[in-house]
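Student: The following comprises the amino acid sequence and a computationally predicted model.
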Amino acid sequence: MAKASPHFECTACGARHPKAMGKCTACGAWEAVQEVRGSLKRDLQRADTGFVQGHYSGPVALPDVLVTDNQREPTGLVELDRVLGGGVVPGMVALLGGEPGIGKSTLLLQWAATSKGKVLYASGEESERQIKLRAQRLGAEHPGIHLLAETDVRRILEAAEHMKPDLLLVDSIQTLFDPDFESSAGSVSQVRGCATLLTRWAKATGTPLVLVGHVTKDGSLAGPKVLEHLVDTVLAFEGDRHHHHRLLRALKNRFGAAFELGVFAMTERGLVPAEGNPFFLDAEPRPGCAATVVLSGTRPMVVEIQALVASSGLGIPRRTALGIDGQRLAMLCAVAERRGGVQLHDRDVYLNVAGGLEIEDPAADLAVVAALCSSATGRLLAPKCLFMGEVGLTGEVRPVAQLPLRLQEGARLGFGAAAVPRLGLEGKSPLELYAEISVERLRSKAWLKGLVEEAEG
């Protein structure tokens, strides 16, 4: 019998190649093409197993598909329900990714403890004893949780077929393997094949499935990109292990809003929902600090933008940004100097989003410019004032999405005024508004008198 010729696949995008190469021609990733052992025919037919054949019933007419209003089942964790869009949908497949030690296993165990019905927790990284010790520490010893320390995906499916759980948790997909293939666990074919088997079983039985995935050096999910397209929801668990808060983002959600954000606080008793607005501290106003409201999905959050403008001792001044894109900071510095009349070309600029939050909302542009002007001139921005607006290269302040929702969040936290774009002010506002149309208004004495005060001393 002729020996099967080896083939190669890219671990980033899953593209097949006839030979080994340093760079993938499909996605451009370097050192991502690896040899895949096994039969291509088995790879295409491997999902045709007894685990799903018994559930196949053929095509169903669209009017005959039964859908009820109470499809979602709350998880018991408020922030997790927010990210999922209200709860768990039958047959939903979610992929949870995050850096090592961020709290993925803790979140899974607390999810299992608050779920109704039976839960099968399959772990390929920890033993039953290790999970038991964590459950004791978290107070999550729920009698409905069943533990299985196994890496063979077919044994996991056999246990799930026998037990028929209401929720299946797998930690992690990179540790599973299928004995039909010669490649090691974590390879492209193994990750894709095991995820396909588990997903088809979950869809056929209507059992929610949660897969934990590893991340690469740049923070993206490891494995082929087809894994993200295969699941219904992609959750990213983020946060600095030295900070108090953990962020859960929905990068993809077929049953709810994408880019929704949930905030947890890491305590000795596990993850607890963060109360109030965790990224804004009502501290004493200082020059260089401006408040704004950003949106993450449908959630408004008040954040503080901190800027420091200092004399530069180098030939080329520095532009350092934490929590915001560095290229956008450079652009806003140029707009503030050219249109706002603030000298920045020979001075170092440092910008920080307080609380360690990463923001991409362009509505924070006006707050960045206001913080730069305040720090450069030593003037104190008026207290309890929000700055919201996208700033263009010509200095105009452009409208932002969901402005009434942002104003309501600001009023809830005690803010009394807001500098906003002139457009989008329809209806009654809970705050006193200063309508701005350009950054050049920053040089106006009337604007300074209304919104800026001289810092004492």
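Tutor: Thanks, I have the structure now. Residues are numbered from 1 along each chain as shown.
Student: how distant is the helix or strand containing Q190 from the center of its chain?
Tutor: Counting by DSSP states H and E, the element that carries Q190 is helix 188-205. Chain-centre distance of helix 188-205: 23 Å, with Cα atoms, centre = their mean, to the nearest Å.
Student: Over that helix, what's the mean pLDDT, rounded is fine.
Tutor: Over the span of helix 188-205, the pLDDT mean works out to 89.
Student: Residues contacting the next helix or strand along the chain from it, please?
Tutor: Going down the chain from helix 188-205, the next helix or strand is strand 209-213, by DSSP H and E. Residues outside strand 209-213 that contact it (Cβ atoms under 8 Å, 6 or more residues apart in numbering): 92-97, 104-105, 108, 111, 167-174, 195, 198-199, 201-202, 221-223, 227, 231. Heads up, the C-betas are built off the backbone N, CA and C, glycines and all.
Student: one step back: okay, the helix holding Q190 in PDB with CA atoms only?
Tutor: Only the C-alpha atoms of helix 188-205 are listed here, as PDB (Å, rounded to 0.1, in the frame of the first residue of the first chain):
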ATOM      1  CA  VAL A 188      -4.500  22.100  13.300                       C
ATOM      2  CA  SER A 189      -6.300  18.900  12.300                       C
ATOM      3  CA  GLN A 190      -6.800  17.800  15.900                       C
ATOM      4  CA  VAL A 191      -8.200  21.200  17.100                       C
ATOM      5  CA  ARG A 192     -10.500  21.600  14.100                       C
ATOM      6  CA  GLY A 193     -11.600  18.000  14.100                       C
ATOM      7  CA  CYS A 194     -12.400  17.800  17.900                       C
ATOM      8  CA  ALA A 195     -14.200  21.100  17.800                       C
ATOM      9  CA  THR A 196     -16.300  19.900  14.800                       C
ATOM     10  CA  LEU A 197     -17.300  16.700  16.600                       C
ATOM     11  CA  LEU A 198     -18.300  18.500  19.800                       C
ATOM     12  CA  THR A 199     -20.100  21.200  17.900                       C
ATOM     13  CA  ARG A 200     -22.200  18.800  15.800                       C
ATOM     14  CA  TRP A 201     -23.100  16.900  19.000                       C
ATOM     15  CA  ALA A 202     -24.200  20.100  20.700                       C
ATOM     16  CA  LYS A 203     -26.300  21.200  17.800                       C
ATOM     17  CA  ALA A 204     -27.900  17.800  17.400                       C
ATOM     18  CA  THR A 205     -28.800  17.400  21.100                       C
END
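Student: What is the burial count for the closest residue to F177 other than its chain neighbours?
Tutor: Closest residue to F177 apart from its sequence neighbours, by Cβ to Cβ, 6 or more residues apart in numbering: A185 at 4.1 Å. A185 has 18 neighbours, counted by other Cβ atoms under 10 Å.
Student: And for G206?
Tutor: G206 has 12 neighbouring residues, counting by other Cβ under 10 Å.
Student: Is F255 in a helix, a strand, or coil?
Tutor: The three-state assignment at F255 reads coil, by DSSP: H, G, I helix; E, B strand; the rest coil.
Student: separation between it and D64?
Tutor: As judged by Cβ to Cβ, to the nearest Å, F255 and D64 stand 21 Å apart.
Student: And the two? Which one has more around it.
Tutor: When F255 and D64 are compared for neighbours, F255 comes out ahead with 17 against 6, by other Cβ under 10 Å.
Student: Residues in contact with the helix or strand hosting Q110: which ones?
Tutor: Using DSSP H and E, Q110 sits in helix 104-114. Residues external to helix 104-114 that are found in contact with it (Cβ under 8 Å, 6+ apart): 75-77, 80, 96-98, 119, 121, 123, 126, 131, 134-135, 138-142, 145, 167, 169, 171, 210, 212, 237, 248, 264, 270-271.
Student: Which among the residues you listed count as buried?
Tutor: Among the contacts of helix 104-114, those buried by neighbour count (16 or more other Cβ atoms under 10 Å) are 75, 77, 80, 96-98, 119, 121, 123, 126, 131, 135, 138, 140, 145, 167, 169, 171, 210, 212, 237, 248, 264, 270-271.
Student: got the contact list for V400?
Tutor: D361, P362, A363, M388, G389, E390, R406, V420, P421, G424.
Student: Please indicate which of these has the highest neighbour count?
Tutor: G389 (31 neighbours).
Student: Report the contact partners of it.
Tutor: By Cβ under 8 Å, 6+ apart, G389 lies in contact with A363, D365, L366, V397, R398, P399, V400, A419, V420, P421, E436.
Student: buried residues in the lengthiest strand in the chain?
Tutor: Counting residues, the longest strand found in the chain (DSSP state E) is strand 299-311. Using 16+ other Cβ under 10 Å as the burial criterion, the residues of strand 299-311 that qualify are R299, P300, M301, V302, V303, E304, I305, Q306, A307, L308, V309.
Student: from memory the second one sits against F279, does it?
Tutor: No. Under the criterion of Cβ atoms under 8 Å, P300 is not in contact with F279, lying 11.3 Å apart.
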